[in-house]
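Colleague: Provided below for reference: sequence and predicted model.
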Amino acid sequence: MTARIARGPAAAALLLLLGAGCAPADEPLPPDAAEARQGVRNGTPATEDAAVVGIAVGGEVGCTGVLIRPRVVLTAAHCLAGHRPDTALVGPSAAEGVHVGIARAWSSPDYRAGAAEHDIGLLLLREPLDVAPIAMSAQPLTDEDAGRSVRFVGFGREDPDERGDARRMQGTAVLGELGALTFSLTPSPSSACSGDSGGPVFGAGGAAGGGEVLLGLISRGDEACAERASVVRIDAHLGGFIEPLLAAIEQTDGQAGEPCVEPGNCASGLCVSPEDAPSFPYCSRACGGPADCPASMRCEGAPGAAQCRHARPSPGAIGAPCERDDACEFGMCALFDGELDEDEEESRTCSALCFPEDPEPCPHGGVCSPAAGAARAHGCMYEAPAPVAAVGGCAVNGSPPGAGPGGRWLALVEAGALVVGLRGLQALRRRAAPWRGERRRRTG
């Protein structure tokens, strides 16, 4: 059996953001990628910018971020590729600051490796900072803003091979060419260099005396750190990425079945990550029988410890109904040839890739089958899981709707396989450093 890939525009819905944006922990960077690890050239120490933090992996700062809520930091999406950052450095330098743990990370589902247009990510810290967050600009930039002076801050170094204590620096530049999602910076006299990726670009607020507001985040620039840099516009990403995630992070009354980030988002204090789709957590609650759960959920577990759960496949899991790739745990929404739903319409389900050239393309059994309409793309066909016992009701078979004979559907065993590029499958959101055709640098 073959499947066709659903290619639709990226969804801005909260559920898709929560699932698609989680950064992989150990994804290797492409060998030809030289990242926007830029450090402020012709800059001065930024001793007063407490809301600007260093983004670190294993204690070493490789990128920059800016605090927009007591626990929320914005940075560049490519800084979340490879080894996911684990701490944020709070303070003017490693010697004078402290590291705060990072709990969650998201990248824009529209981000593409090598492009600056959606190079934006969001981090949730493990604890709030006693630092005033930065206000974001909601005022759209216009062509009249070209030529205005702006200030930027980062933990960069001019020499990408330099090691030691990263320091927070600042510089000034001129806002140059304005695009729909980005704008350029021209040195005046400062320029971004290695380590400034994700660093904030500030401009004067709209009201007189209103202070600075966040206009954008540094994404990429020239290797010499001398000519220009590309900056992701904040105003262009507020409604589709930043604000929906902030709403999810800050909600406190989520009901059973609704997306969540952590227990505090749910009225019951219970946020669960299903085994078949851990990147798509949802609110749950204790139950004693089916009547205690919404109609779309079941009461599962031992008596006295049962919880309301979605019947498998969980939303976003392999075999779950979908319309777009971003709605799926592994970034692939497939349409099976000849398969119809109860209304005799084609029914897409979440799936994932396998690679027949691998020694064990489907380690847990099944056949690696070609996907129609997608050159060289294959999917593993798997048997449905065993039925799950329900409390106070009948067990529900785990076979997803439209799964095919024997309840089989496409599944991916190794998420790392998604790193392999497949031409034409642009909806697979793989994070990688945005520089190409330049010498490789280590991170961020």
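Modeller: Everything's here; your move. Numbers count the residues shown, from 1 in each chain.
Colleague: now Leu238, what are its backbone angles?
Modeller: The phi/psi pair for Leu238 (degrees, to the nearest 10) reads phi -60, psi -60.
Colleague: just say helix, strand or coil for the closest residue to it other than its chain neighbours.
Modeller: What sits nearest to Leu238 in space, not counting adjacent residues and going by C-beta to C-beta, 6 or more residues apart in numbering, is Ala138, at 6.2 Å. For the C-beta atoms, the positions are set from N, CA and C on the backbone; glycine is no exception. The assignment at Ala138 comes out as coil when based on DSSP: H, G, I helix; E, B strand; the rest coil.
Colleague: what about Ala138, how many neighbours?
Modeller: Applying other C-beta atoms under 10 Å, we find 12 residues neighbouring Ala138.
Colleague: next one: the one 4 residues further on
Modeller: Residues contacting Thr142 under the criterion other C-beta under 10 Å number 8.
Colleague: show the contacting residues for it.
Modeller: Residues in contact with Thr142 (C-beta atoms under 8 Å, 6 or more residues apart in numbering) are Leu178.
Colleague: residue ranges with poor pLDDT in the stretch 251-400 of the chain?
Modeller: 336-346, 361-376, 379-400 (pLDDT under 70).
Colleague: surely the residue nearest to Leu238 meets Ala236?
Modeller: No. Here Ala138 does not reach Ala236: they are 10.9 Å apart, not a contact under C-beta atoms under 8 Å.
Colleague: tell me the strands in the stretch 201-350 of the chain, going along the chain?
Modeller: Taking DSSP state E, counting those that start in this stretch as the criterion, the stretch 201-350 of the chain carries its strands at 212-221, 229-233, 271-272, 282-283, 297-300, 307-310, 332-340, 346-351.
Colleague: now mean neighbour count and distance to His378 too, for those, in a markdown table please.
Modeller: Output for the strands of the stretch 201-350 of the chain, formatted as a markdown table (neighbours: other C-beta atoms under 10 Å; distance: least, C-beta to C-beta, whole Å):
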| stretch | mean neighbour count | distance to His378 |
| --- | --- | --- |
| strand 212-221 | 26 | 33 |
| strand 229-233 | 27 | 35 |
| strand 271-272 | 20 | 32 |
| strand 282-283 | 26 | 30 |
| strand 297-300 | 23 | 33 |
| strand 307-310 | 23 | 28 |
| strand 332-340 | 20 | 11 |
| strand 346-351 | 25 | 10 |
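Colleague: now those strands in CSV, with distance to Leu89?
Modeller: CSV is the format used below for the strands of the stretch 201-350 of the chain (distance: least, C-beta to C-beta, whole Å):
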stretch, distance to Leu89
strand 212-221, 17
strand 229-233, 21
strand 271-272, 28
strand 282-283, 33
strand 297-300, 42
strand 307-310, 38
strand 332-340, 36
strand 346-351, 37
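Colleague: nearest to Asp253, out of those?
Modeller: Each of the strands of the stretch 201-350 of the chain has some distance to Asp253 by C-beta to C-beta; the shortest is strand 282-283, at 9.4 Å.
Colleague: which strands and helices lie in contact with the closest one?
Modeller: Secondary-structure packing of strand 282-283 (3 or more C-beta pairs under 8 Å, 6 or more residues apart in numbering; DSSP states H and E): strand 271-272.
Colleague: any idea how far Val73 is from Val153?
Modeller: In this view, Val153 and Val73 are 13 Å apart by C-beta to C-beta, to the nearest Å.
Colleague: so for Gly97, which of the strands of the stretch 201-350 of the chain sits nearest?
Modeller: Nearest to Gly97, of all the strands of the stretch 201-350 of the chain, is strand 212-221, at 20.2 Å by C-beta to C-beta.
Colleague: for that closest one, name the packing helices and strands.
Modeller: On a contact count with 3+ C-beta pairs under 8 Å, 6+ apart, strand 212-221 meets strand 60-69, strand 72-75, strand 149-154, strand 182-187, strand 200-204, strand 229-233.
Colleague: give me the neighbour count for Gly82.
Modeller: Close neighbours of Gly82, defined as other C-beta under 10 Å, add up to 25.
Colleague: so for it, what's the pLDDT?
Modeller: At Gly82, the model reports a pLDDT of 76.
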